[in-house]
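J.: Here is a sequence together with a model predicted from it:
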Amino acid sequence: MRKVVNKVIFFVNSLVAFALLMSYLLPYVSPQTFPLLSVLSLAVPILIVINVLFFLYWAILLKRKMLLSLIVLILGISHVSSLYKLRGKSSDEIDNTLSLLSFNVHAFNRFKWIDSEEIPKDISSLIRQENPDIFCAQEFYHNPDIDFSQYDYKYDHFHHKSQELALVIFSKYPFLNKGSLNFKKTANNVIFADILLPSDTIRVYNVHLQSHGISTKTNDLAKADSQKLFKRIQTSFKKQQSQAEQLIAHMKSSPYKNIVMGDFNNTAYSYIYDKIKSENLQDTFKEAGKGFGKTFNFELFPARIDFILVPDDTEVVAFKSFDLELSDHYPIFSRIKL
């Protein structure tokens, strides 16, 4: 009986290992060419965890069978390190550094998604406490209780058709130029600002790529029509590719070093992320983060869909994410040396 059970378990193990192996192709397959495979990028964290569990299971019972998941995990070591970092990097060094913070503020809890009246004040307190040189906010909404008065420079752009939600770049340093990519037929967008630092000039992009419009709750997902759900995600991934291509074309015309930060609505295993990062950028979480680095409150797994990407020749001094229930996203912070 045990042999039969182990055969069934190993068969399931083989399917999951194959799925994870297929996911390694994601950065090379565009969503517009093969949208169904792109959906797999959302499941990569689960596939990694399951393969780790299978490896441990076989390591205890039948060591020779543990090789399947072990080999697949080793082949995708960069995927594993994108999910979890054992060691981070932290420094109290402030001189000659630039601090960055990105946060999808979810309209400051406008519709009471969180049972608290203090969210706008709590977010304001967080930003004052961390005091980043540059703060990029997504889904920004004018609320009388917010206070970001420590910033002398601000660029907001209300691309949403209601003219209520905006992307905003706050800065302690002056803007030389600013603008919006103005994506068509969507509330999502990218804005940018050329910022004059004491010793350099940089271009900062605040990104909010196409949203999927799916619930973060397991029960809601279970009740959803799976066919419609997959179709919606495939459509949003195709839009993300188009938006990413517009962003990359704009980045190529930049006369300055680029910093890209914000809500990608996609994971570090995706074609979208890989193409943007390939523009001579590095992921600050991979360089200095620790743990899962989750940025989105998704019940199924610790999702990391918000990023701070900085030039390859930049030293990443520190990175941290905040496990604070102030939005459906978690803020992320990084300090760099240009």
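T.: That came through, no problem.
J.: So the protein: which segments form each domain?
T.: For the chain, automatic domain parsing gives the domain ranges 2-83, 98-337.
J.: now the strands: where do they sit in the stretch 151-300 of the chain?
T.: Listed in chain order, the strands of the stretch 151-300 of the chain (DSSP state E, counting those that start in this stretch) span 153-157, 166-171, 175-180, 189-196, 201-208, 257-263, 281-283.
J.: which one is His106 nearest to, not counting chain neighbours?
T.: Distances taken as CB to CB, 6 or more residues apart in numbering put Ser327 closest to His106, at 3.9 Å, once the chain neighbours are dropped. C-beta coordinates here come from the backbone N, C-alpha and C atoms, glycine included.
J.: Out of the domains of the chain, point me to the one whose mean pLDDT is lowest.
T.: Note on the domains of the chain: lowest mean pLDDT is at domain 2-83, with a mean of 88.
J.: Need the distance between the two termini of that domain.
T.: With CA to CA, to the nearest Å as the measure, domain 2-83 spans 33 Å from end to end.
J.: 43 is where my numbering starts, stick with that
T.: Taking 43 as the first residue, the last one we looked at is domain 44-125.
J.: in stretch 136-154, what's buried?
T.: 139-151 (16 or more other CB atoms under 10 Å).
J.: Just the closest of these to Val91, please.
T.: When the buried residues of stretch 136-154 are compared for distance to Val91 (CB to CB), Asn146 comes out closest, at 24.7 Å.
J.: For the longest helix that the chain contains, buried residues please.
T.: The residue-count maximum for a helix in the chain (DSSP state H) belongs to helix 268-294. Within helix 268-294, the residues scored as buried using 16+ other CB under 10 Å are 271, 275-276, 278-286, 289, 292-293.
J.: which one among those residues gets closest to Asn308?
T.: For those, the nearest to Asn308 is Gln282 (6.0 Å; CB to CB).
J.: My guess is that closest one contacts Ile314. True?
T.: Yes: counting by CB atoms under 8 Å, Gln282 touches Ile314, with 4.9 Å between them.
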